[in-house]
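Novice: Below is the structure, and that's it, no one-letter string:
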């Protein structure tokens with residue numbers, strides 16, 4: 001029975017890898033600029049026209065790689081967040097990551113006049129990390145532990161405060177409003193590989209921490225006291241998990257802006273596919289998240305004509321019904 005379950009889970013992972021590869025190919029081939037397969041291949045090898053090369057290397061390769069990385073990071077961060085809080089409605093934004101990044105982007109424009117995407121990503125990274133550290137510090141100072149309920153309360157309070165400051169600035173400065181309006185919807189457009197290069201160290205370290213945290217998460221799912229009885233250091237497990245969530249969510253938010261529903265919905269889909277063991281749900285969450293973001297980005301390109309619908313908007317439209325369907329079928333698998 002155990003071998004059969006393992007084979008079934010391996011089959012699920014293999015199918016998801018194939019689906020992700022198909023989504024990546026679609027992301028390379030489809031868009032508002034109509035290019036044939038031969039033109040895309042020529043652009044990839046830099047042997048075609050300057051137009052094909054500019055579209056492939058200047059747009060489609062960066063947004064395919066960034067979309068896959070962001071989706072995988074948000075899927076893993078959502079899984080960690082729900083595992084540590086034991087709250088099926090938790091998502092990475094609970095730490096104030098999006099609010100911190102948004103305020104930092106606005107301050108970059110308002111104070112320093114920064115408008116390029118390559119520079120904005122650094123402000124977003126710093127803001128996201130600082131917001132998470134503040135939430136964690138407030139929680140520990142108030143309760144003495146990194147327990148889930150105080151974390152959620154501190155995250156909501158800090159997010160509200162940062163959101164209020166951001167609103168004040170954008171309502172008094174037109175340039176800040178324009179920059180924030182373009183960033184806050186969540187988009188893969190106009191992103192170059194330097195954006196991924198800036199976020200990659202955060203994403204890689206966050207992924208390593210997430211893998212390290214899987215065994216502890218399984219134990220914490222039984223309750224903190226029982227986890228201690230099994231030999232787990234609960235505080236260390238919490239710190240590793242919170243570090244992974246912070247780095248993954250910060251890197252993803254900095255690279256593409258705040259993208260909702262991925263961190264909330266993907267972990268439920270993963271548990272529906274392979275059960276609740278984090279050794280399996282972590283890679284499945286990464287694959288499902290990456291595929292979801294790429295598919296949503298392709299859909300946004302195709303339905304927008306010569307412009308496009310941002311990936312954050314597409315996911316917001318699709319995410320609500322999908323989450324309701326998952327909730328009804330799986331009854332929000334008990335955490």
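Specialist: Okay, I see it. Since the structure is predicted, the reported quantities are computational estimates derived from the model, not experimental observations. Numbers count the residues shown, from 1 in each chain.

Novice: What are the neighbouring residues in contact with residue 77?
Specialist: Taking CB atoms under 8 Å, 6 or more residues apart in numbering as the definition of contact, the neighbours of residue 77 are 92, 206, 210, 244-245, 248-249, 252, 263. In this view, the C-beta of every residue, glycine as well, is placed from N, C-alpha and C.

Novice: Please report how far the residue nearest the centre of the chain lies from residue 203.
Specialist: Of all residues in the chain, the one closest to the mean position by CA atoms, centre = their mean is residue 74, 2.4 Å from it. Shown here: residue 74 relative to residue 203, a distance of 10 Å by CB to CB, to the nearest Å.

Novice: tell me how far the one helix or strand residue 18 maps to is from the chain's mean position?
Specialist: Taking DSSP states H and E as the criterion, residue 18 maps to helix 2-29. Taking CA atoms, centre = their mean, to the nearest Å, one finds the center of helix 2-29 at 20 Å from the center of the full chain.

Novice: ok and the helix or strand following that helix relative to helix 2-29, angle-wise?
Specialist: Taking DSSP H and E as the definition, the helix or strand that follows helix 2-29 towards the C-terminus is helix 37-44. Using axes from the mean of the first three to the mean of the last three CA atoms, to 10 degrees, the direction of helix 37-44 lies 90 degrees away from that of helix 2-29.

Novice: List the buried residues for whatever helix or strand comes next after helix 37-44?
Specialist: With elements assigned by DSSP H and E, the helix or strand that comes after helix 37-44 is helix 50-55. Residues 52-53, 55 are the ones in helix 50-55 that count as buried (16 or more other CB atoms under 10 Å).

Novice: Residues contacting helix 50-55, please?
Specialist: By CB under 8 Å, 6+ apart, the residues outside helix 50-55 that reach it are 31, 33, 35, 39-40, 42-43, 46.

Novice: are any of these buried, and which?
Specialist: Buried among the contacts of helix 50-55 (16+ other CB under 10 Å): 31, 35, 39-40, 42-43.

Novice: Spell out the residue ranges of the helices in the stretch 201-335 of the chain.
Specialist: Taking DSSP state H, counting those that start in this stretch as the criterion, the stretch 201-335 of the chain contains helices spanning 224-229, 234-256, 262-274, 278-303, 311-330.

Novice: Check which helices and strands the first one sits against.
Specialist: Applying 3 or more CB pairs under 8 Å, 6 or more residues apart in numbering; DSSP states H and E, one finds that helix 224-229 contacts helix 193-220, helix 234-256.

Novice: Overlap in contacts, residue 74 and residue 203.
Specialist: Both residue 74 and residue 203 are contacted by 248, 252, under the criterion CB under 8 Å, 6+ apart.

Novice: follow-up on the earlier one: how is the residue nearest to the centre of the chain assigned, secondary-structure-wise?
Specialist: Secondary structure assignment for residue 74 (DSSP: H, G, I helix; E, B strand; the rest coil): helix.

Novice: and the residue nearest to it when sequence neighbours are not counted, what does it touch?
Specialist: When the adjacent residues along the chain are set aside, residue 74 lies closest to residue 262, with 4.1 Å between them (CB to CB, 6 or more residues apart in numbering). Applying CB under 8 Å, 6+ apart, one finds that residue 262 lies in contact with 71, 74-75, 78, 289, 292-293, 315, 319.
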